[in-house]
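Engineer: sequence? don't have it. structure:
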Ligand code: ZN
């Protein structure tokens, strides 16, 4: 990454880990517990799906490193209000982005693409992927997700 991108990446991660958006639980929603034992990150993701499977509301709680918390915060912002198709497309695009050099359509991911910097660090990839794995699990039908 260029220096400016590196700086922006740090700024976004810090901002979201210090002031996470959409933090909380949604009673009655689909809940998924995710954890990343290698780093100690934990997340409880609540997703309220609408009649057509759209993401009506989404919140998370948990604790862990800055990357896991920032990724969860950014994810909830991007997925809220998205259709089932769009939300799962974004989840797939994000995984491709952080795990490979394969070009991917990042339309709709916005500043989340800054997280692709974790690609070089396999341990960090698990941190960044945790919330997204939990979301994919929620689209399935709940349960738990682990990045190991
Ligand atoms: Zn972590």
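Structural biologist: Arrived safely. The structure displayed is predicted, hence computed values, not measured ones.

Engineer: Any idea what residue 23 is bridged to?
Structural biologist: Residues in a beta bridge with residue 23, per DSSP bridges, are residue 60.

Engineer: surely it meets residue 60?
Structural biologist: Yes. Contact criterion C-beta atoms under 8 Å: residue 23 and residue 60 qualify, at 6.5 Å. Quick note: C-beta positions are derived from backbone N, CA and C, even for glycine.

Engineer: between the two, what contacts are shared?
Structural biologist: residue 73 (C-beta atoms under 8 Å, 6 or more residues apart in numbering).

Engineer: So the two - more neighbours on which side?
Structural biologist: Shown here are residue 23 and residue 60; by other C-beta atoms under 10 Å, residue 60 has more neighbours (28 against 14).

Engineer: need the contact list for the more buried one.
Structural biologist: Neighbours of residue 60 in contact, by C-beta under 8 Å, 6+ apart: 20, 22-24, 43-46, 72-73, 76, 131, 134.

Engineer: hey, which helix is longest across this structure?
Structural biologist: Looking across the chain with DSSP state H, the single longest helix is helix 122-140.

Engineer: following that helix, which helix or strand shows up next?
Structural biologist: strand 143-146 (DSSP states H and E).

Engineer: does stretch 37-48 come close to the ion?
Structural biologist: Yes. Using C-beta under 5 Å from the ion, we find that stretch 37-48 touches the ion at 39, 41.

Engineer: Show me what that stretch is in contact with.
Structural biologist: 24-26, 28-36, 55-65, 68-69, 72, 123, 126-127, 130-131, 134-135, 138-139, 146-148.

Engineer: Got a ChimeraX select line for the buried ones in those?
Structural biologist: To isolate the buried ones among the contacts of stretch 37-48 in ChimeraX, judged by 16 or more other C-beta atoms under 10 Å, type:
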select :26,29,30,31,32,33,34,35,36,55,57,58,59,60,62,64,65,68,69,72,126,127,130,131,134,135,138,139,147
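
Engineer: nearest spatial neighbour of residue 63, skipping sequence neighbours?
Structural biologist: Leaving aside its sequence neighbours, residue 63 sits nearest to residue 42 (C-beta to C-beta, 6 or more residues apart in numbering; 5.8 Å).
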